[in-house]
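> Sequence plus the predicted model coming up.
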Amino acid sequence: MRTIAIIPAGGKGKRSGLPAPKQYLLFKGKELIAFTLSVFQKNKNVDEIVVAAAPEFFDLLKKIKKKYLITKLKGFVEGGKERQHSVYNALLSINAEKDDLIIVHDAARPLLPQEVLTGAIETAKQKGSALVCVSGRDTLVRGTNFVEEYVSRHKINYVQTPQIFKYSILLRAMKKADDENFIGTDESILVKRIGGKVNIVEGSILNFKITTKADIVLFKKLIGKM
């Protein structure tokens, strides 16, 4: 059984309000995506990495691979219109066996703890899937301008990545979605849609996705203390 990580990095970063896609912004002289790739490079359970990105960034990614010794980075594939299309393109590009594990992880989650990644991989090896989440901790309300009702946070989880599935299951789920022009917000929705079991594993608040300018400020503060 091999473990292959797919990193979709084709996003335009519109919500960050910045002119360049956030995954290529420099922090302490290092591209954001390089932090993310390094997490997978260091994990002994990961065999291979594939990045889905806009073709104009392939040369930069090759430089990142060489500069930071990301030897597990084996290929680049063109990203699609939606994140789902990027992951599907990458999935179709790899040579995998049906029981190989496919890890999908956001390029803009650079602080994924090694213990969370390892734990998710171990769960997927034992149970066939793993969805990294953090449990709801704050009081939850439903409403827009005023509180309509309070929502119990019991059984509420905030979904993160990585999301890990066997190659055959994820491929079938993504093919069905593609055939039916169904767009899901993540891979777990597609797998659940075909009747697959999705196992929840505990994530980390450090594994936040850099989306807004406030996230960028937080990330700068955190890496400044590393």
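Looks like it came in fine. Predicted model, so just to flag it, every value in this text is computed and none were measured.
> which SS state does Gln41 fall under?
Here Gln41 is helix, with the state taken from DSSP: H, G, I helix; E, B strand; the rest coil.
> Let me know how buried it is, in neighbour terms.
Close neighbours of Gln41, defined as other Cβ atoms under 10 Å, add up to 18. Just so you know, the C-beta spots here come from the backbone N, C-alpha and C atoms, and that holds for glycine as well.
> go on, the one 3 residues further on?
Here the number of neighbours of Lys44 (other Cβ under 10 Å) works out to 9.
> Need the three-state assignment for it.
Here Lys44 is recorded as coil under three-state DSSP.
> What distance do you get for it to Thr211?
30 Å (Cβ to Cβ, to the nearest Å).
> how near is Lys74 to Pro8?
From Lys74 across to Pro8, the span is 16 Å (Cβ to Cβ).
> Sorry, wrong one. I was asking about Tyr150.
According to Cβ to Cβ, Tyr150 stands 35 Å off from Pro8.
> More neighbours: which of those two?
Using other Cβ under 10 Å as the criterion, Tyr150 and Pro8 rank with Pro8 on top: 28 against 11.
> show me what contacts the more buried one?
Contacts for Pro8 (Cβ atoms under 8 Å, 6 or more residues apart in numbering) come out as 52, 79, 83, 86-87, 90, 104, 106-107.
> Recalculate using a threshold of 10 Å.
23, 50-53, 77, 79-80, 82-90, 104-108, 161 (Cβ atoms under 10 Å, 6 or more residues apart in numbering).
> Any of these buried? List them.
Neighbour-count burial (16 or more other Cβ atoms under 10 Å) applied to the contacts of Pro8 gives 23, 50-53, 77, 79-80, 83-90, 104-108, 161.
> Which of these fall within helices?
If you go by DSSP state H, those have 83-90 in helices.
> Would you agree Ala124 is in contact with Lys166?
Yes: contact criterion Cβ atoms under 10 Å: Ala124 and Lys166 qualify, at 7.8 Å.
> which of the two has more neighbours?
When neighbours are counted by other Cβ under 10 Å, Ala124 and Lys166 differ, and Ala124 comes out ahead with 25 against 22.
> quick one, phi psi at the more buried one?
The phi/psi pair for Ala124 (degrees, to the nearest 10) reads phi -60, psi -40.
> need the contact list for the residue lying closest to Gly10 once chain neighbours are set aside.
Nearest residue to Gly10, sequence neighbours excluded (Cβ to Cβ, 6 or more residues apart in numbering): Gly79, at 2.3 Å. Contact partners of Gly79, counting by Cβ under 10 Å, 6+ apart, are 8-11, 51-55, 57, 85-87, 89-90.
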